[in-house]
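Undergrad: pasting the sequence and the predicted coordinates here, then a few questions.
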Amino acid sequence: MERGDNVVSFDAERLNDPCLRVLIASGYATSVAFVRQLDDLELRAMKFETKCVHVGVDKDSSYNSCITPIYPTSTFRWVDLETNKGFDYTRSGNPTRQGLEQSIAALEGGIDCRATSTGMSAITCAMYLFKSGDHIIAGHDIYGGTFRLFSKVLPDYELKFSFVNMSDPANVRAALTPQTKGIWIETPSNPLLNLVDLSAISAIAKEAGAITIADNTFLSPYLQRPFEFGVDVVVHSTTKYLNGHSDVVGGAVVTRHQAHAERIAYVHNALGLACSPFDAWLVLRGIKTLGPRMEAHQRGATAVAKMLAEHPKVEWVYYPGLPTHPHHELAKRQQRGFGAMLSFDIKGGRAQAEKMMMQTKLFQMAESLGGVESLIAYPVTMSHASMTPEARLAAGITEKTIRLSVGIENPDDLVEDLRQALEFA
Ligand SMILES: Cc1ncc(COP(=O)(O)O)c(C=O)c1O
């Protein structure tokens, strides 16, 4: 500790240290905090919901706040020419953002995480694990923005992509080439909730010497942890369930191998992809209630899916929680629940979809997902507008398809809202 500091942090055992007591008594140390890092064993013993509340919560040693403060500073003072207190410049690192990164890494079971400005910047960051000439296999029904990056932007930099129906692992095997270095997985897929068998695809990737990257946005680590099935890298749009309140955009790249962690950390800083301390703080706050929120989301989604499945104006419901869903058994194996995203095909076409969507009162017509409020969206003109009509059709997205992000409102109210809106279709 050097002069000028009025804060000292120490372990509980050091409370009896006579020198420290003198410092406190003399006012040299005016504020005292017990900074206890969680050790590995403690972390592993913690249940998920406890981690959500406690991991990455960097206890403030200045005023003993119980939650992580926001450090809205671009730069940090150095102690001397060689040393600083672990941070020098916020693009490279910031205590609030570090708290969020520790939290997400722990929830996913990774060794490192880098929090980014958006989900797309997380995906961009992850693509820097590859080099020009590499070939990457991706699902044909992935998020439209990811499809746009892979089909329109990255090919200019000599990354080659094949889009296949990944629900059948045989299609992935058939698409392998000697240049295949990556497999991009989105499960469940957006918007049709097709599942990808994480273990099967990871095994194929390992044989081929390719990296697997899973976008875990739709379920969050509360409901699915891809690392447990052999996946190498996980990405998130934290805009969705991790934050959960539709008031921030952000992303994260989580790694579990040292070499990947180092490369992602390097690129994250070099390209300047980091999120702001304010945004990091919001996501960290959202994560504390992730478990209870996901349970409430799922209760609503189950009620809505059941009602829609029996409704005469609905042709088909895409929800892995329904026994009619082709991947229901796989969902039970690799997910802890069925999530709260679902889509359905309305009987008729765009006209019927529009009439119905204009009438919902609780379900707001808006893009995005994962917030506490329910949303209703039309993939053709919204989330998947960046796909060509041919690519959309190949993925099974039609003018009948309506996507719901079920919030945490009372399930009865949500069911009633959709029922009354369907009257207009
Ligand atoms: C599955 C999935 N991944 C990534 C993204 C991109 O995230 P962001 O909008 O935060 O850039 C989205 C956005 O909707 C998404 O649904």
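TA: Thanks, I have it.

Undergrad: residue of the stretch 1-150 of the chain closest to the ligand, please.
TA: Using Cβ to the nearest ligand atom, the single residue of the stretch 1-150 of the chain nearest to the ligand is residue 119, 2.2 Å away. (C-beta placed from N, C-alpha, C; glycine too.)

Undergrad: so who does residue 384 touch?
TA: By Cβ atoms under 8 Å, 6 or more residues apart in numbering, the residues touching residue 384 are 144, 147, 190-191, 392, 395, 397.

Undergrad: look up how far residue 399 lies from it.
TA: Separation of residue 384 from residue 399 (Cβ to Cβ, to the nearest Å) stands at 12 Å.

Undergrad: measure residue 197 to the ligand for me?
TA: As judged by Cβ to the nearest ligand atom, to the nearest Å, residue 197 and the ligand stand 18 Å apart.

Undergrad: where does the residue sitting nearest the centre point of the chain sit: helix, strand or coil?
TA: Nearest to the geometric centre of the chain sits residue 236, at 2.7 Å (Cα atoms, centre = their mean). With DSSP: H, G, I helix; E, B strand; the rest coil as the basis, residue 236 sits in strand.

Undergrad: for it, give the beta-bridge partners.
TA: Counting by DSSP bridges, residue 236 forms beta bridges with residue 252.

Undergrad: that one against residue 218, yeah?
TA: No. Using Cβ atoms under 8 Å, residue 236 is not in contact with residue 218, being 9.9 Å away.

Undergrad: enumerate the residues of the stretch 51-200 of the chain near the ligand.
TA: Applying Cβ under 6 Å from any ligand atom, we find that the stretch 51-200 of the chain lies next to the ligand at 118-120, 143, 145-146, 186, 190.

Undergrad: if you set the cut-off to 8 Å instead, what comes out?
TA: Within reach of the ligand by Cβ under 8 Å from any ligand atom, the stretch 51-200 of the chain has these residues: 118-123, 142-143, 145-146, 186, 190.

Undergrad: nearest spatial neighbour of the residue in the stretch 201-350 of the chain that the ligand sits nearest to, skipping sequence neighbours?
TA: Closest residue of the stretch 201-350 of the chain to the ligand, Cβ to the nearest ligand atom: residue 237 (3.0 Å). Closest residue to residue 237 apart from its sequence neighbours, by Cβ to Cβ, 6 or more residues apart in numbering: residue 119 at 2.5 Å.

Undergrad: correct me if wrong: the one you found contacts residue 216.
TA: No. Taking Cβ under 8 Å as the definition, residue 119 is not a contact partner of residue 216, at 10.8 Å.

Undergrad: more neighbours: the two, which one.
TA: Per other Cβ atoms under 10 Å, whichever of residue 119 and residue 216 has more neighbours is residue 216, with 26 against 23.

Undergrad: which residues do residue 236 and residue 218 both contact?
TA: By Cβ under 8 Å, 6+ apart, residue 236 and residue 218 have no common neighbours.

Undergrad: neighbour count added to the contacts of residue 384, as TSV?
TA: Listed next are these as TSV, based on neighbours: other Cβ atoms under 10 Å:
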residue	neighbour count
144	22
147	25
190	28
191	30
392	22
395	25
397	24
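
Undergrad: tell me the one of the residues you listed nearest the ligand?
TA: residue 190 (4.9 Å).

Undergrad: for the residue nearest to that closest one when sequence neighbours are not counted, what are its contacts?
TA: Counting by Cβ to Cβ, 6+ apart, the nearest residue to residue 190 once its immediate chain neighbours are dropped is residue 143, at 4.6 Å. By Cβ under 8 Å, 6+ apart, the contact set of residue 143 is 186, 190, 215, 217, 383.

Undergrad: what's the most distant pair in those?
TA: Greatest spatial distance among the contacts of residue 143 (Cβ to Cβ): 215 and 383, at 13.5 Å.

Undergrad: so these two - more neighbours on which side?
TA: Using other Cβ under 10 Å as the criterion, residue 215 and residue 383 rank with residue 215 on top: 27 against 20.
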